[in-house]
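**Q** coords please:
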Amino acid sequence: MDTNEQEKFELFGIPVEKLAEKFSEIGDKPFRAKQACKWIYAHGLFDFQQMTDMPKKLRDWLGENAVISLPELVEIARADDASSKFLFELDDGNLVEAVHIPDIERAKQTVCLSSQVGCKLGCAFCATGQMGFVRNLSSTEIVGQLYHLCDYVRQGGNEITNIVFMGMGEPLDNLPDVLDSIRVMLSDVGFGIGHRKVLISTVGIPEGIREIMGTGLRPKIAISLNAPDNELRSRLMPVNKKYPIESWLPLIPEYAQYSRRWVTFEYVLLDGINDSLECAEKLRRLMQGLPVKVNLIPFNNIVERRENAKEFERPDMRTVLRFQSYLLTNGIVATIRISRGSSIFGACGQLAGRRLEI
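**A** Model (predicted):
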């Protein structure tokens, strides 16, 4: 066993297959990786000396050369609607947020995780997009959010049932670490979450969608659409100039067949901008014949408004229902997302890594 390691290697949030390779490199048995993962995730044990099914020599070596890291949980903000927002401080001082959304009636405990500090894409209606991009999160930092939220949910006697990558950042812009984190989530020596219980929300990056289909992982995907044509979408989402609708739309049937689940279109409704019946008809034509459904999201106000976002307001519920009704009566599956956590800036589009004084 080589004890001249230059850097301590990380065990937390790393897929068991990669850990097995590391144990082989240090001259030990690959199955030690599964043993370590069981101690970490099943027992919540981070002390190598207490991992008693491993040889003493290995435990001593791990104590000197390995590390198990978690982001620091610095704040929990609780909303009146029972949702909670978690603020984490990373080793470099950056802040990221995650959200817990319980649904007692449907027996669901959903957590919304971040994949980046900030975001490159600059969507005009999104607080994260307005703050700009700082860096990607490692799989350790992504899974660390989940670990803390699991602990929180278990204190209430529940288990997390659904994981959505809808927090800060564009998941497909940090795909290697997002995929590694999903591998940990799905693993039977990780969190044991099912494929269909994990959802990735993306603006639609075609090469990223294709890459997922080459992994064997089958998360659901939701495309942040928000406009029925390229002209309006480019105004709301600058990334559409690089990835227009036609660049990823042909992949929708292929991904639905691959994942065995319909794809979701997310559509943030903005008063007087994309909520007309004309927009609804264009959206109907766009969706016609595709294995997709649309999730309508009335705009949530954001603090970080730049000049291009000052015009945005939330449409009234009558307009929202009219838009939904038009789609439903024309054969399109359309639901309305009742946003949770807006009082603590934890609803869709509101995350920006801020401390709250509430």
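**Q** Which parts of the chain belong to which domain?
**A** 9-67, 72-344 (automatic domain parsing).
**Q** Can you report how many residues neighbour the residue nearest to residue 279 when sequence neighbours are not counted?
**A** In this structure, residue 279 finds its nearest non-sequential neighbour in residue 228, 5.3 Å apart by C-beta to C-beta, 6 or more residues apart in numbering. Any C-beta I mention is one placed from the backbone N, CA and C, and that applies to glycine too. Residue 228 has 23 neighbours, counted by other C-beta atoms under 10 Å.
**Q** Might you report the residue contacts of residue 228?
**A** Contacts here follow C-beta atoms under 8 Å, 6 or more residues apart in numbering; on that basis residue 228 touches 274, 279-280, 282-283, 285-286.
**Q** hmm, 10 Å instead?
**A** 245, 265, 267, 274, 276, 278-287 (C-beta atoms under 10 Å, 6 or more residues apart in numbering).
**Q** now residue 180, what's its secondary structure?
**A** Judged by DSSP: H, G, I helix; E, B strand; the rest coil, the three-state class of residue 180 is helix.
**Q** which stretches of the stretch 1-150 of the chain form strands?
**A** Along the stretch 1-150 of the chain, counting by DSSP state E, counting those that start in this stretch, strands occupy 9-10, 66-67, 72-78, 84-89, 95-103, 108-112, 116-118, 133-136.
**Q** Redo these as TSV? Include mean neighbour count, distance to residue 202 and mean pLDDT.
**A** TSV is the format used below for the strands of the stretch 1-150 of the chain (neighbours: other C-beta atoms under 10 Å; distance: least, C-beta to C-beta, whole Å; pLDDT from 0 to 100):
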stretch	mean neighbour count	distance to residue 202	mean pLDDT
strand 9-10	16	26	93
strand 66-67	18	31	96
strand 72-78	15	26	93
strand 84-89	22	22	94
strand 95-103	23	18	93
strand 108-112	22	14	95
strand 116-118	23	12	95
strand 133-136	17	15	95
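**Q** Excluding sequence neighbours, find me the nearest residue to residue 189.
**A** Distance criterion C-beta to C-beta, 6+ apart; nearest residue to residue 189, sequence neighbours excluded, is residue 37 at 4.0 Å.
**Q** Who are the contact partners of that neighbour?
**A** Contacts for residue 37 were tallied using C-beta under 10 Å, 6+ apart; they are 11-12, 14-16, 19-20, 184, 187-190.
**Q** just to revisit the earlier point, which stretch among the domains of the chain is buried most, on average?
**A** domain 72-344 (a mean of 19; mean count of other C-beta atoms under 10 Å).
**Q** wait, residue 11 sits on residue 63?
**A** No: using C-beta atoms under 10 Å as the test, residue 11 is too far from residue 63 to be in contact (11.8 Å).
**Q** Could you tell me which residues touch both of these two?
**A** residue 48.
**Q** any weak-confidence spans in the protein?
**A** The chain contains residues with pLDDT under 70 at 1-6, 303-310, 339-358.
**Q** all helices of it, in order?
**A** In the chain, the helices defined using DSSP state H lie at 16-25, 32-37, 56-65, 127-131, 139-155, 175-186, 206-213, 230-236, 245-248, 251-259, 277-287, 317-329.
**Q** Residue 72: which of these is closest?
**A** Among these, helix 139-155 comes nearest to residue 72, with 9.2 Å by C-beta to C-beta.
**Q** Now do the closest one: which elements does it pack against?
**A** Of the remaining helices and strands, those touching helix 139-155 by 3 or more C-beta pairs under 10 Å, 6 or more residues apart in numbering; DSSP states H and E are strand 72-78, strand 84-89, strand 95-103, strand 108-112, strand 116-118, strand 162-165, helix 175-186.
**Q** May I see those organised as JSON lines, with distance to residue 236 added?
**A** Formatted as JSON lines, the helices and strands packed on helix 139-155 follow (distance: least, C-beta to C-beta, whole Å):
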{"stretch": "strand 72-78", "distance to residue 236": "28"}
{"stretch": "strand 84-89", "distance to residue 236": "25"}
{"stretch": "strand 95-103", "distance to residue 236": "23"}
{"stretch": "strand 108-112", "distance to residue 236": "21"}
{"stretch": "strand 116-118", "distance to residue 236": "18"}
{"stretch": "strand 162-165", "distance to residue 236": "21"}
{"stretch": "helix 175-186", "distance to residue 236": "23"}
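**Q** So for residue 29, which of the ones you listed sits nearest?
**A** The closest of the helices and strands packed on helix 139-155 to residue 29 is helix 175-186. By C-beta to C-beta, the value is 20.5 Å.
**Q** mind checking how far that closest one is from the chain centre?
**A** In terms of C-alpha atoms, centre = their mean, to the nearest Å, the centre of helix 175-186 is set 11 Å apart from its chain centre.
**Q** Could you check the angle it makes with helix 206-213?
**A** Here helix 175-186 runs at an angle of 30 degrees relative to helix 206-213 (axes from the mean of the first three to the mean of the last three C-alpha atoms, to 10 degrees).
**Q** begin at 59 from here
**A** Got it, the first residue is 59 from now on, which makes the last one we talked about helix 233-244.
**Q** Helix 233-244 to helix 74-83, inter-axis angle?
**A** Put simply, helix 233-244 runs at 100 degrees to helix 74-83, going by the same axes, to 10 degrees.
**Q** for the most centrally placed residue in the chain, what are its contacts?
**A** Centroid-nearest residue in the chain, with C-alpha atoms, centre = their mean: residue 223, separated by 1.0 Å. Residue 223 sits next to 170-173, 200, 229-230, 232, 236, 239-240, 256-260, 277, 279-280 when contact means C-beta under 10 Å, 6+ apart.
**Q** and the gap between it and residue 359?
**A** 23 Å (C-beta to C-beta, to the nearest Å).
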